[in-house]
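>>> sequence below, structure please.
(chains A and B)
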Amino acid sequence: MSTLLLKYDNVQLVWTGGGVNHNEGDLIPNVYVMASDKAEAAYQTYKNYNQSNVLQVGTWARDGGAGTTTATLNATWNTVCSAFGINQKKASIIATSTYGNAPTEAMKDDFIINLMKYYPRTINRLANTMTSSQTYYQRRNNTNYGLFASGYATLSNFRRQVFFVIFDLITQKWYTVSWVYRTDSFNADKVWLETSRYDSSASTFPTSGIPLINPSNPYPDIDDSQPEGGETNPGGFTGNTIPEPSLPTISALGTGLVKLYNPTASQLSSFGQWLWGSGFSLDSLKRIFSDPMDMIIGLNIFPISPPTATTPDSIKLGNLDSEVNSKVVSAQYTTFDMGSIGVPYAYGSYLDFAPYTKVQIFLPFIGMKTLNTDEVMSKPGSPKYIHVSYSIDLLSGACVAHISVGPDTSHLSLMYEFGGSCSAQIPLTARDMTSLVSSIAGLVGIGAGAVLGTVMMPASAMTGFAGGAVSASMLGSVAAGGAKQVIGSKPTVEHSGGIGSSSGFLSSQEAYLIIERPRICHPENQEHFTGYPGFLYGVVSQLEGFTKFVNIELNNVLAEEEELEELEDWLVNRGVRL
Amino acid sequence: MNIIFYWNKSSKEEVKKDIEQLHAIIDGVDTDIGTYPGTLRDQCSIIDPVFMIESLDADTEFTWDIINYFYVEQWSRYYYITEVVVVRKGLYEIHGHVDVLMSWYHSFKNCAGIVQNNENLWNMYLDDGTCKVYQDGIIVEYAFPSGFTTQEFVLAVSGTGVIT
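This next block holds a predicted model:
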């Protein structure tokens, strides 16, 4: 059985039972009735708060049974309030009572029997055998209800009013009823239901439950709204910080099948001369027929300096060595850090957030992307920083921009990732082997064909080669000229490398934010004429200036109904100046 | 009953009105001329009362341009003067309407509620839709500190270059 709590609005105190700072007849706003086996401990605890708005009706009970002490009831008022989301400094409390003459009398057999006429499954038959020092709550033998006497009031004409809270264990709903009986001549048949605060049909028992405010507050753990504040971490979750991803550990370079060079422009020129050089030799022929173009995966321009080995090496294609030295790229993947910037707020209000303020980010080689303003915008006392870094694949040219956001540059968490291509591909052409061979064969004639035939030509191609006399120099010069022609007129063109993004190089190379803010129209003294939204709990006497309520409890105002309506109209609809 | 007339200098939404009772220097003495005793002789609404007031003498002729408010002690209520009808010289019919704010402040000052708008307590992260913004916004750009500043070649080849 957990602690139960009921909320009453404007309870008229008919009996104080020695309560503090309250008189009979007082209307007590925001009254919470605790009906529990923890009542004693709670009472003992809240007594220590010594708050003027805490009162007691009846006496507290040893609900735990004889011998139970505060020490053994280890619930404290703090924990009780916390469990029900009650601000213990604001709550008025009525401790439940099952101790006292009235409950004792009310629990006489006849009374219980009378109750059972209406709630045949309600009352534990054992209850009527208990003494006043014991709890009247029992849940045994599949009994569906617990019964509490939460207090009593002595009325005029020998009447005594006893308040009960009934809890339906099946529906989890609560009922509160009060009974009145005459103390001068107690007779169960004359016990009648005089009032039920939540049921206007006083002549009958309530047939439908009044849902308890358990939970009394749908947001029990949420901090009360405050000016410039409020709940900052609903649920108290502590999320994870998502780091930027590390680079892949397995790369094409590790296979030994692929190699990346970082040549300078002059080294590339030398490489080109080697690749398509005019000299002719057996090595040249081997180079041609090994088709070094097939070994070139791609030639790209990147916007970064790739990581390179300290020792340069000659560019090698397959089994051919160009003998052109170049820096060797040491890793397929690399990163580029563009740094962090704070995202400043302008107003310190909701105007800094969506949909009023829009934030876009331009990422080189990716383009313009829209960010969620609510995720990246700073607030007073709560700065936000955006960090941008790139991960780049030097083989394919692919890049991914990582956007992290955090309260400072050392506590960033990854939020966005956008992909693109940051390489500009330099087209290289290559023709297939068949067209290369046939083209060259047509140019060099039989002499060359004899050589070619011995090296690579298939038997069918050797038919026309009768062994004519062609000088080596002649063959070499013609063959060289033919190769250049072939490069320019290849019937089958292959582009090496991955996707390119030449347009990226024509765009800005810097990442930047574009923040589009509204321009507020703020008349002078707006706060005086309309105030600003607060949605705060407030007592009239504690407020100043223009004030408008969402709703207000006009209790203790003994005005006429028409006046009350007008008063509410002023306070809620039109606004007043306090 | 006593009716005390005032000059209410506050706007209607002001709860605690700035009121000034009428005084006049008569025979060198600061004399309260705003309090009029009266007897209720007929039915009268407590919310929208109508009184017949007769000037005591010519010296205390009402100057209605500075009287717009009154208080009825017996009813503990303040009233706006909503209409004044001149019945005859020196006799006026005064129509009033209760000022619930001033009259009942002492009662509702301890009432609590949820404040929607207030002049001094607010949370500017609540969007109540009342704030106006101009159509033309402001666009500001912020550059990240480091951009791409170089361009370099990367040649990708297959094979490791084992010469045979």
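>>> please identify the buried residues of stretch B:92-101?
Using 16 or more other C-beta atoms under 10 Å in any protein chain shown as the test for burial, stretch B:92-101 gives B:92, B:94, B:96, B:98, B:99, B:100, B:101. For every residue, glycine as well, the C-beta is placed using N, CA and C.
>>> I meant stretch B:140-153, not that one.
For stretch B:140-153, by 16+ other C-beta under 10 Å, it's B:142, B:144, B:147, B:148, B:152, B:153.
>>> just the strands in chain B please.
With DSSP state E, the ranges of strands along chain B come out as B:2-8, B:19-21, B:23-26, B:29-32, B:35-37, B:50-54, B:69-72, B:77-88, B:91-98, B:112-118, B:132-143, B:152-158.
>>> same list (those) but as JSON lines, adding mean pLDDT.
Below are these laid out as JSON lines (pLDDT from 0 to 100):
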{"stretch": "strand B:2-8", "mean pLDDT": "88"}
{"stretch": "strand B:19-21", "mean pLDDT": "87"}
{"stretch": "strand B:23-26", "mean pLDDT": "68"}
{"stretch": "strand B:29-32", "mean pLDDT": "70"}
{"stretch": "strand B:35-37", "mean pLDDT": "77"}
{"stretch": "strand B:50-54", "mean pLDDT": "82"}
{"stretch": "strand B:69-72", "mean pLDDT": "92"}
{"stretch": "strand B:77-88", "mean pLDDT": "90"}
{"stretch": "strand B:91-98", "mean pLDDT": "89"}
{"stretch": "strand B:112-118", "mean pLDDT": "91"}
{"stretch": "strand B:132-143", "mean pLDDT": "88"}
{"stretch": "strand B:152-158", "mean pLDDT": "90"}
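>>> which one of the ones you listed lies nearest to residue A:350?
strand B:132-143 (11.2 Å; C-beta to C-beta).
>>> the closest one pairs with which strands, parallel or anti?
Sheet pairing for strand B:132-143, assigned by DSSP bridges, gives strand A:512-521 (antiparallel).
>>> could you give the mean pLDDT of the partner strand?
Here strand A:512-521 scores 90 as its mean pLDDT.
>>> who touches that strand?
A:341, A:343, A:346-347, A:351-352, A:356-362, A:368, A:386, B:131-134, B:136-144 (C-beta atoms under 8 Å, 6 or more residues apart in numbering or on different chains).
>>> which among the residues you listed end up buried?
A:341, A:343, A:346-347, A:351-352, A:356-362, A:386, B:131, B:142, B:144.
>>> re earlier: between the buried residues of stretch B:92-101, which is nearest residue B:115?
Out of the buried residues of stretch B:92-101, the member with the shortest distance to residue B:115 (by C-beta to C-beta) is residue B:101, at 16.3 Å.
>>> contacts only, for that closest one.
Residue B:101 neighbours (C-beta under 8 Å, 6+ apart): A:567, A:570, A:576, B:12, B:13, B:14, B:15, B:17.
>>> the residue lying closest to it once chain neighbours are set aside: neighbour count?
Excluding the flanking residues, the one nearest residue B:101 by C-beta to C-beta, 6 or more residues apart in numbering or on different chains is residue B:15, at 4.5 Å. Residue B:15: 21 surrounding residues under other C-beta atoms under 10 Å in any protein chain shown.
>>> same check on residue A:272?
14.
>>> in a helix, it, correct?
Yes: membership of residue A:272 in a helix is supported by DSSP: H, G, I helix; E, B strand; the rest coil.
>>> any regions of the stretch 451-578 of chain A where pLDDT drops low?
Low-confidence segments of the stretch 451-578 of chain A, defined by pLDDT under 70: A:451-501.
>>> which residues of it fall in strands?
A:512-521, A:532-539, A:546-552, A:576-577 (DSSP state E, counting those that start in this stretch).
>>> residues touching the shortest one, excluding its own?
The set of residues external to strand A:576-577 that reach it, using C-beta under 8 Å, 6+ apart, is A:545, A:546, A:547, A:548, A:570, B:11, B:13, B:14, B:15, B:101, B:119.
>>> now these as CSV including distance to residue A:224?
Putting the contacts of strand A:576-577 into CSV (distance: C-beta to C-beta, whole Å) gives the following:
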residue, distance to residue A:224
A:545, 21
A:546, 22
A:547, 18
A:548, 19
A:570, 26
B:11, 32
B:13, 27
B:14, 29
B:15, 25
B:101, 27
B:119, 20
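>>> sort out which of those residues are buried, if you could.
For the contacts of strand A:576-577, buried by 16+ other C-beta under 10 Å: A:546, A:547, A:548, A:570, B:13, B:14, B:15, B:101, B:119.
>>> let's have the residues you listed in a markdown table, adding distance to residue A:563.
Formatted as a markdown table, these follow (distance: C-beta to C-beta, whole Å):
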| residue | distance to residue A:563 |
| --- | --- |
| A:546 | 22 |
| A:547 | 19 |
| A:548 | 19 |
| A:570 | 10 |
| B:13 | 16 |
| B:14 | 18 |
| B:15 | 14 |
| B:101 | 10 |
| B:119 | 25 |
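>>> just the closest of those residues to residue B:2, please.
Nearest to residue B:2, judged by C-beta to C-beta, of the buried ones among the contacts of strand A:576-577 is residue B:101 at 21.6 Å.
>>> picking that back up, between the buried ones among the contacts of strand A:576-577, which is nearest residue A:272?
Nearest member of the buried ones among the contacts of strand A:576-577 to residue A:272, counting by C-beta to C-beta, is residue B:119, at 77.8 Å.
>>> that closest one against residue A:538, yeah?
No: checked against C-beta atoms under 8 Å, the pair residue B:119 and residue A:538 is beyond contact range at 11.9 Å.
>>> intersection of neighbour lists for the two?
Residues touching both residue B:119 and residue A:538 (C-beta under 8 Å, 6+ apart): residue A:547.
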